[in-house]
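# Here's a sequence, model it:
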Amino acid sequence: MRSPFPTAPSDRVQFELAHDSTLFLDEIGELPTEVQVKLRRVLGNRTIERLGNPRPIPVDVRIMVATHRDLAGAVRTRRFRADLCYRPTVFPIPVPSVRDRREGIPLFVRGFREESHGHWSSCAQAPPGDGHPDWRV
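Take a look at the predicted model:
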């Protein structure tokens, strides 16, 4: 896995950097099986092993994960490990897609424009919040 922190020392992995804190793993449903095995081992043993270092390094990390995949379905089709799927406490937060909430598009556009602080001056103006369902970005 590539580090999301470009300034992170190359000999330290994310779990070691996240010691005593929370690590967010986005799109866990996309993890290859061989990475799922390693993640399961870290979660079960609470240790990591650096390449070339025979001593395990203890880590205390809370893991927060997200995915758009149906993990129960992926377990049934053996694309995701059952022991990894049911290991954490699951607290699903279903978020409908934007296409199912068209009335929110003007709010999204307005929010993105405000966050960009004018960097995207050519961006289309958001319509006056009439919530018209046929409005397209």
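
# For the residue nearest to the spatial centre of the chain, give the beta-bridge partners.
Nearest residue to the geometric centre of the chain (C-alpha atoms, centre = their mean): Asp26, 1.5 Å. Beta-bridge pairing for Asp26 (DSSP bridges): Ala66.

# from what I can see it touches Ala66, true?
Yes - with contact defined as C-beta atoms under 8 Å, Asp26 and Ala66 form a contacting pair (5.3 Å). Just so you know, the C-beta spots here come from the backbone N, C-alpha and C atoms, and that holds for glycine as well.

# and the closest residue in space to Glu49 that isn't next to it in sequence, what is it in contact with?
The shortest distance from Glu49 to any non-neighbouring residue, by C-beta to C-beta, 6 or more residues apart in numbering, is to Pro56 (5.4 Å). Applying C-beta atoms under 8 Å, 6 or more residues apart in numbering to Pro56 gives the contacts 45, 47-49.

# hang on, the earlier thing: check contacts around the residue nearest to the centre of the chain.
Asp26 neighbours (C-beta under 8 Å, 6+ apart): 65-67.

# JSON lines please, covering the residues you listed and showing distance to Arg99, pLDDT and neighbour count.
Formatted as JSON lines, the contacts of Asp26 follow (distance: C-beta to C-beta, whole Å; pLDDT from 0 to 100; neighbours: other C-beta atoms under 10 Å):
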{"residue": "Val65", "distance to Arg99": "24", "pLDDT": "87", "neighbour count": "17"}
{"residue": "Ala66", "distance to Arg99": "19", "pLDDT": "86", "neighbour count": "12"}
{"residue": "Thr67", "distance to Arg99": "19", "pLDDT": "86", "neighbour count": "15"}
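
# if we can go back for a sec, selection in PyMOL covering whichever of the contacts of Pro56 are buried, please.
To isolate the buried ones among those in PyMOL, judged by 16 or more other C-beta atoms under 10 Å, type:
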select buried, resi 48
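
# Of the contacts of Pro56, which is the nearest to Leu107?
Leu107 lies nearest to Ile48 out of the contacts of Pro56, by C-beta to C-beta, at 41.7 Å.
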